[in-house]
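Chemist: sequence and computational prediction follow.
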Amino acid sequence: MIQSIFIANRGEIALRIARTARRLGLHVCSAFSSADAGLPHLRLCHRALELPGDPARVYLDISSIVAAAKKLKAEAVHPGYGFLAENEDFAAAVQDAGMKFLGPTPDQIVALGDKVQARKAAERAGVPTVPGKSEAMPDAAAALATAQAIGFPVLLKAAGGGGGRGMRVVDDVAHLADAFNRATAEAKAAFDDPRVFIEKYVARARHVEIQILGDGHGQAVWLGERECSVQRRHQKLIEESPAPALPLEVTEKMGTLAAKMAAAVNYRGAGTMEFIVPFGGREFYFIEMNTRLQVEHPVTELCTGLDLVEEQIAVANGGFSKRLQAARGKGPGVSSDSVARRGHAIEARIIAEDPEANFRPSCGQMDLVSWPAGPGVRVDSWAEAGLSVSPYYDSLLGKVVAWGSDRAEAIARLDLALLETSIHPIRSTAAFLRRVIASEPFRSGAYDTGLLTQLKLAPPAVLAPELAALIAAETQLQTARVDTLGPRFESRELSAWVRSARS
Amino acid sequence: MIQSIFIANRGEIALRIARTARRLGLHVCSAFSSADAGLPHLRLCHRALELPGDPARVYLDISSIVAAAKKLKAEAVHPGYGFLAENEDFAAAVQDAGMKFLGPTPDQIVALGDKVQARKAAERAGVPTVPGKSEAMPDAAAALATAQAIGFPVLLKAAGGGGGRGMRVVDDVAHLADAFNRATAEAKAAFDDPRVFIEKYVARARHVEIQILGDGHGQAVWLGERECSVQRRHQKLIEESPAPALPLEVTEKMGTLAAKMAAAVNYRGAGTMEFIVPFGGREFYFIEMNTRLQVEHPVTELCTGLDLVEEQIAVANGGFSKRLQAARGKGPGVSSDSVARRGHAIEARIIAEDPEANFRPSCGQMDLVSWPAGPGVRVDSWAEAGLSVSPYYDSLLGKVVAWGSDRAEAIARLDLALLETSIHPIRSTAAFLRRVIASEPFRSGAYDTGLLTQLKLAPPAVLAPELAALIAAETQLQTARVDTLGPRFESRELSAWVRSARS
Amino acid sequence: MQHEFVIRSSKPSIEPLRYTWEAGVLGMAAQSAAPVRILRREANGALVVLWGERVISGIITRSESGLVLNVDGELFELGVREAMLDEMEQGLSAAGPGGGHFDLKSPIPGLVKNVLVKAGDEVEAGQTLVVLEAMKMENEITAPHKGSVDSIAAKPGQAVAAGALLVVLKV
Amino acid sequence: MQHEFVIRSSKPSIEPLRYTWEAGVLGMAAQSAAPVRILRREANGALVVLWGERVISGIITRSESGLVLNVDGELFELGVREAMLDEMEQGLSAAGPGGGHFDLKSPIPGLVKNVLVKAGDEVEAGQTLVVLEAMKMENEITAPHKGSVDSIAAKPGQAVAAGALLVVLKV
C-alpha cells in the first residue's frame, strides 16, 4: 500500500490531489517553483522543497522532479494534468526510480497519446473513428489522394499533439497542398513531430467524452460522459454531465466501447476517450484519448459520488476501491461496466482572462477573492486574496461546479454560484460564463462547438443606476470623518483623478 | 406562485434561505438589526431595511417584522429556525397580513409544538412514546403517583419548551416533590407556562430524528433519519445520516410512523420528529416534534439530493416539487413514503465558543476566516473576515458538512475539512470537533448522548516543535528589513511583550 | 446644497450616468431620490450599500486612471466628476486645444485657500491652480488643458459661490 | 552568533519549548537543525514556513499578553524570550520579590544607546532601563520587577558583550 505521494504539479489540481491524499491518510509532499511558494496546496503538504531555476520551466524538468520526489521519500507520483502528465519519459523515469506513477504505463502513453496510433487502437476495438486514414501522410500528394477519397471538407491534424496547433480545415482541392505544408511545419515546431493525418471535417460537432478507469489487468469501467462543446479556440470553458442532447442508448454505446477499448490494452488508471458527435445526430466518432485526469473530472465525481484521485491510487495499490466495486453495474442503463449516477453537474472554468479583450490573460495580485458555497456547489481553486496570478502558468484560477437533481437545477445553482464568485481587480471569466449559461442555445441544450463564436455576449452597454449608489457611497466615505464610520473603514487617499473629480 | 420572499432571520440560515430563493428566481428581501448590517445574506437580498431598536430583541418583535415584510412587498415569509420560527402568533400574523407563512399552520404549531399535545398526537397515530403520562401534572402528589406507576428513575419535562430548562431526572421517591416544584418554577420562568409532565427516564439514550415533509393536504414523506447524539448540555454539535448503529428496518419503521403522524394532521411543510433510542436497543420512543427547518437539515439534503427550502416553498405553492415527486418511493428500503438516498453525511457545527473554557462564548472581530472546500464538502456559514461575532445572538458561525460514499469516507473528509477551517482570533469548536470524530466511540458508531461527558478530549498538553518554527519566522520577520520580504509583508510594531523578549 | 455628478466609463461608447447628491440623498432621472447608507465596507474594496430599500453590492478600488468597479463580476473603469467641471472639460475637449480663453470656475461653493499661479505662468494640463476648502476638505482645482494664465479672479481667504470665476486661461 | 530562546505558554502546566537560532537556522533538542524559510505571510496573520523540508502553517497575531498562535485550529497564548532573560525572570519569580540585589545583564551583544535611570531611582516592573542597539534595532532592557536602582554599570556609547552587567537593582 502506498504510504506517501509526491504531487508533480501546482495550482488547483495540486490542492485537489492533496485533499484526497490527506483524506486517505497519506504522507503528502511536493516541490514548487520560486513563483509558487504561497500556493495553498503547500499547506496540506507535510514536506516540500523548492525547484530552483526558471519558474516557467521547472515543472517540466523530469530529472529534477524525480530527484525531488526521491529526496522527499515518496512512494508514488501524481502528475496532475498538463506539464509532464502525458510524458512517457517522465512516467518511465518515475518507475525507474522505484516509485509508482499514478497514470498509465509509459507504453500506454505512447500507444494512446499519439493520435494516429490511438485511431488504430480504436479501430481494433471496434470504436467508430472519423472517416479518414489512420496513417500519417508522407507528402502533399498522398494527402491530396486521401482527401479526395474521403471527400471535402477535410481536417488536417497533427499526430503528435493537440490544442489546435497543426490543425487545418481544407474546403477544396486547391487549398490542400498549401495547408498540408503549413500544418506540417506547425506540427514540427509545436511538437517536434511533423506527422499530419487526415480526417473528414465535421462542420457542426459536439465534443463529448467518456471517463474511463482501468485496473491495469484488463478490467475497465466507464463513469458517464461529459459534454464539453462550450469552447473557445479548442479550450473548454464549461463541461456538463449527462450530455443534454444525447439519449442514454447513445452514451451507453459510446461508454461501453470506450471501456472495451481501455480493457483491451490493460489500461491503468484514469483516462478519457474524446468523441465528436455531429450536431443533431446520434452517431459518434472517436478522435483521441487523454491518458490522465482531466480538468473537468469533478463533474463526473459529483454525478457518481466517486473520487477519481482515490481510484488512481487504488489502482496503483492493485485494483478499484471498494466504493467503486459497490457502485459498479448499477449504472442508469443496461451496461454492466458502468456505475450508479445521480443528477446533473456543470463545471465553469474561472480563468484569469479578460473576455472583453479577446481573452487576454490578466496577471497581478488579487486583492479580493471570494468563492461561492452552499447547497450543490463545489469549488476547486487555488486563488486566494493576497496571491498573484503569475505569467508563467496557465491562467485557471479555479472551477465552480454545481450539482442539481436535474439540469435546470444545476444551471440555476451555477448561475448563482457564478454571481457569488468575486475576483478583484484581476479579470476573470465568471460573469462571461453567466451570460453563456443564460443563452437560449445553452438552456435548450442544442449547442455545438461553435456556440461561443455564434453567441453575441456583450457586456452591459449602459451604466446601471446602481453604480451611482456605490460611487456616491465611496465618495461620501472619503469626505466623512473616519470616526463616524467605525474602525473597519480605512481612510484612503484619493487618486488624482477622483480628487480632481470632487473639486 | 410565490414571486417574493421575506427572510425573518439572520446569520447562516438567512444566507442559506436566500441562496435557494435566488436560485428559484424569487425577489428576496429581509430586515436586519443595527448589529447585522454587514451580514452576507444581505448581499443576496434585492431589498432590505433596518429594524430599529435593541438588536437583541428586534428579531422577536412580531409586529415590526410583519410590517417590514409588508413594506418590502413580500408574498411569503420564511422564519428560519429560532426566533419566531415556532411561534403560532407570528405564523398567524403573517397570514393575517395576507402573506404565506413557510411553515405549518398556527394550529399545527400549537398542537405539535406543545410536548404534551404532541405526545397525544403520537399516541393517536400509533407512534410509541416514552412510558409516561400524556397529561400535565396538576400537583406534586399527582406527580408522585404517576412516577410510582411508571417506576423510577423518571424525567420531569416542561410541556411548553425545550433546551433542558424545566427538566429534571428524579431517581427516587424522596426527591420527587422538590424536583417537581423546581421544574414547575423553572418552566414558568422560561416559557411562561408552568406545566410539567412525567416520562420514564432512559439513562443511556441515542437521539435520532426523522425529517418529514407534509404537503398540507394529507400527504407526507420522510427523508431519512439523523443521529444527533453528540450533544453538550442538550445542544447538538454533530449530526449524521444514516444513523450508524440502527438497522434499516428500525429507521424505516420510525420514518413510516413519523410520516403517518404528519399526514394524519395534514401537516404543512418541513418538520422533525425526535425520538430516543435506548443504547444498544432497537425500540424507539417519540419525544417531541420541531415544526420548522432544523439547523442540521443539510445532512438530509446531501443524502437525498433534495433542497428542503425549495420544498417548503413548493408546498406553499400547492405541493411537493417535481424533484421530490421523482425521488419518492425510491428509498433504500420498502417504504413507499420515503425517497432515494445516497451515501453518508456528517455535519459539524462551528460555534464561537471556547471548548477549553467550558464553551464560553467568544465575541469580537474575526481577522481571518477561511472555510474548507473541495470534494464532498459543503459549508453553510455567515462568518467572513472583517465581521464581528456579536453578543446578541447564538454563536453558530457556520456548519461544515461532509458527504462520502460511506461513513468512513464522510468522517475522513470531515476531519480534513475541519483541519482546513480557520477562524482567528475568535475561539471556535472546529479543533475540538476533530478530536470528537477521532475518538473510538464516534468512529465505531457506538455512542449515546453521554459521549461528550465521557470523553476526555484534552487539547495538546505540550508545545510541538513546529510552533518554534512559526515563532522563529515571525521574530525573523520583525528584524529583517522590509524590502527583502516584498511588499506583501507588512512591518508591524512588536508588542511590549515581544519587544522585551527580543532585548 | 445639491451637487450634480457625472460618471463616465473608460469606453466612450457608453453613455455617462448623471446623479445628484444632497445630504446623503442620491437622485437620478427616472429613479426616485433616496438616501444611501453604507452597510459594509472592507479595506479590500468590498462595499454594500442600501439605496432606499435597494441593496447594492460591489467592489470598488482605484486605478491610475480612475475607479475600478466590480458589480456581479462585471468590471467597469469609471471616472466621476462634478457636472460643471465635466461640462467644461467636455466642451473644451470638443473645441480642441488652442485659440481662445477658458474661464475656470469654481464647481462648488467654498473658501479659496491658496492660488498657486500668477498671470503669465505657463501651466500644464492637470496642474493645480487653486486650492479650495469645501466639505472640510481641500479640493484642488486643476487646469483642464495646457496653456498660460491670462488673469486671476480669486484671492486667498475669499469665499466663492459655485460658478464663481477663479482663473482665466489662454489655451 | 547563536541565540537561544524560550517559548512559554500562558498555561503554566505546559512545559516551555527551547530553541536556538543562528543565521536563519532553527535548532532544537531531538530535532535536526534546519533553516527556516517563509513561504507566505499575510497581514491577517496567516503564516506558512518551511523548516528544512517540513511545511508548517499557522496563524500568528499579537494580543496584549503576548502572541496568539493558531495551528490546526488549536489556539496557544505564548510568549517568547531570549533564554538568558527568561532564566533571570524565572529565578527571580521563584525567589519572589524583595530582599536582595538583582543583576540585570545584557542578553545580547550590542551598543548601549541610552541609560534611562540613575542610582536611587524607583523603578516599576516593565520600565525600560537601558536601550541597546543590536541587530540594527533598538532593544529595550526592562526591569523584571519593581525595585530601586542600586548602581549603573553601563554608559551610553559603550559596546557590551552578551552577559555584561548593565544595572544592579535592589528588589
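Modeler: Great, that's in hand.

Chemist: C-alpha only now, for contacts and for neighbours.
Modeler: OK.

Chemist: return the helix or strand in chain C with minimum mean pLDDT.
Modeler: Lowest by mean pLDDT, DSSP states H and E among the helices and strands of chain C is helix C:83-95, with a mean of 70.

Chemist: after it comes which helix or strand?
Modeler: strand C:101-105 (DSSP states H and E).

Chemist: output the contacting helices and strands for that following strand.
Modeler: strand C:165-170 (3 or more Cα pairs under 8 Å, 6 or more residues apart in numbering or on different chains; DSSP states H and E).

Chemist: what about dumping the CA coordinates of the strand it packs on to CSV?
Modeler: Extracted in CSV, the C-alpha atoms of strand C:165-170 (Å, rounded to 0.1, in the frame of the first residue of the first chain):
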residue,chain,number,x,y,z
LEU,C,165,-14.7,82.7,-11.8
LEU,C,166,-11.3,81.7,-10.5
VAL,C,167,-8.8,81.9,-13.2
VAL,C,168,-8.8,82.8,-16.9
LEU,C,169,-6.5,80.7,-19.1
LYS,C,170,-5.2,81.3,-22.6
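
Chemist: and that strand, what other elements does it pack with?
Modeler: strand C:101-105, strand C:147-152.

Chemist: the first one pairs with which strands?
Modeler: Same thing as strand C:101-105. Neighbouring strands of strand C:101-105 in its sheet, by DSSP bridges, are strand C:165-170 (antiparallel).

Chemist: list the buried residues of the strand it pairs with.
Modeler: C:L165, C:L166, C:V167, C:V168, C:L169, C:K170 (16 or more other Cα atoms under 10 Å in any protein chain shown).

Chemist: distance check, A:I210 against A:H297.
Modeler: 11 Å (Cα to Cα, to the nearest Å).

Chemist: higher neighbour count, those two?
Modeler: Taking other Cα atoms under 10 Å in any protein chain shown, A:I210 and A:H297 do not tie; A:I210 has more neighbours (26 against 18).

Chemist: identify the bridge partners of the more buried one.
Modeler: In this entry, A:I210 is beta-bridged to A:E225, A:M273, by DSSP bridges.

Chemist: specify the local secondary structure of the residue of the stretch 151-300 of chain A found nearest chain B.
Modeler: Nearest residue of the stretch 151-300 of chain A to chain B, counting by Cα to the nearest Cα: A:P298, 7.8 Å away. Secondary structure, DSSP: H, G, I helix; E, B strand; the rest coil: A:P298 is helix.

Chemist: list the contacts for it?
Modeler: Neighbouring residues of A:P298 by Cα atoms under 8 Å, 6 or more residues apart in numbering or on different chains: A:E347, A:V401, B:P375.

Chemist: mind doing that once more with 10 Å?
Modeler: Contact analysis of A:P298 by Cα atoms under 10 Å, 6 or more residues apart in numbering or on different chains lists A:16, A:239-240, A:304-308, A:345-347, A:378-380, A:399-402, B:374-375.

Chemist: A:L368 now?
Modeler: A:383-387, A:422-426, C:42-46, C:59.

Chemist: same thing but at 8 Å, please
Modeler: A:L368 sits next to A:E384, A:A385, A:G386, A:S422, A:I423, A:H424, A:P425, C:N44, C:G45, C:A46 when contact means Cα under 8 Å, 6+ apart.

Chemist: not counting sequence-adjacent ones, nearest residue to C:G58?
Modeler: In space, and not counting its chain neighbours, C:G58 is closest to C:V71: 4.6 Å by Cα to Cα, 6 or more residues apart in numbering or on different chains.

Chemist: isn't that neighbour up against C:V48?
Modeler: No. Using Cα atoms under 8 Å, C:V71 is not in contact with C:V48; the gap is 10.6 Å.

Chemist: spatially central residue for chain A, please.
Modeler: A:V295 (2.8 Å; Cα atoms, centre = their mean).

Chemist: assign the closest residue to that one other than its chain neighbours to helix, strand or coil.
Modeler: Once flanking residues are discounted, A:V295 sits nearest to A:Y81: 7.1 Å by Cα to Cα, 6+ apart. Assigned with three-state DSSP, A:Y81 falls in the coil class.

Chemist: okay, and for chain A, where does confidence drop off?
Modeler: For chain A, the stretches with pLDDT under 70 are A:478-503.

Chemist: actually chain C, not the one I typed
Modeler: Using pLDDT under 70, chain C drops low at C:65, C:91-99, C:107, C:134-138.

Chemist: mind checking how far the residue in it sticking out farthest from the centre is from B:G11?
Modeler: In chain C, the residue that sits farthest from the middle, by Cα atoms, centre = their mean, is C:E53; the gap is 27.4 Å. Noted for C:E53: a distance of 20 Å to B:G11, by Cα to Cα.

Chemist: swap in A:A21?
Modeler: 33 Å.

Chemist: what helix or strand is the residue of chain C found nearest chain A on?
Modeler: Chain A sits closest to C:R81 of chain C, with a gap of 3.8 Å, by Cα to the nearest Cα. Per DSSP H and E: C:R81 is located in strand C:74-82.

Chemist: ok so, going back, next up, the contacts around the residue nearest to A:V295.
Modeler: Contacts of A:Y81 by Cα under 8 Å, 6+ apart are A:N9, A:I13, A:R292, A:L293, A:Q294, A:V295.

Chemist: how about the nearest residue to the fifth one, chain neighbours excluded?
Modeler: Distance criterion Cα to Cα, 6+ apart; nearest residue to A:Q294, sequence neighbours excluded, is A:Y81 at 6.5 Å.

Chemist: how close does the residue nearest to A:V66 when sequence neighbours are not counted get to A:H78?
Modeler: Nearest residue to A:V66, sequence neighbours excluded (Cα to Cα, 6+ apart): A:V94, at 6.1 Å. Using Cα to Cα, A:V94 is found at 10 Å from A:H78.

Chemist: tell me which parts of chain C are close to chain B?
Modeler: Neighbours of chain B within chain C, by Cα under 8 Å from any Cα of the partner chain: C:L39, C:R40, C:E42, C:V48, C:L50, C:E53, C:R54, C:V55, C:I56, C:S57.

Chemist: if we go to 7 Å?
Modeler: Residues of chain C lying close to chain B (Cα under 7 Å from any Cα of the partner chain) are C:L39, C:R40, C:E53, C:R54, C:V55, C:S57.

Chemist: quick check: buried residues in stretch A:103-115?
Modeler: Per 16+ other Cα under 10 Å, stretch A:103-115 contains these buried residues: A:G103, A:P104, A:T105, A:P106, A:Q108, A:I109, A:V110, A:A111, A:L112, A:G113, A:D114, A:K115.

Chemist: right, and the last one touches A:A159 too?
Modeler: The reference is to A:K115. Yes. Between A:K115 and A:A159 there is a contact under Cα atoms under 7 Å: 4.9 Å.
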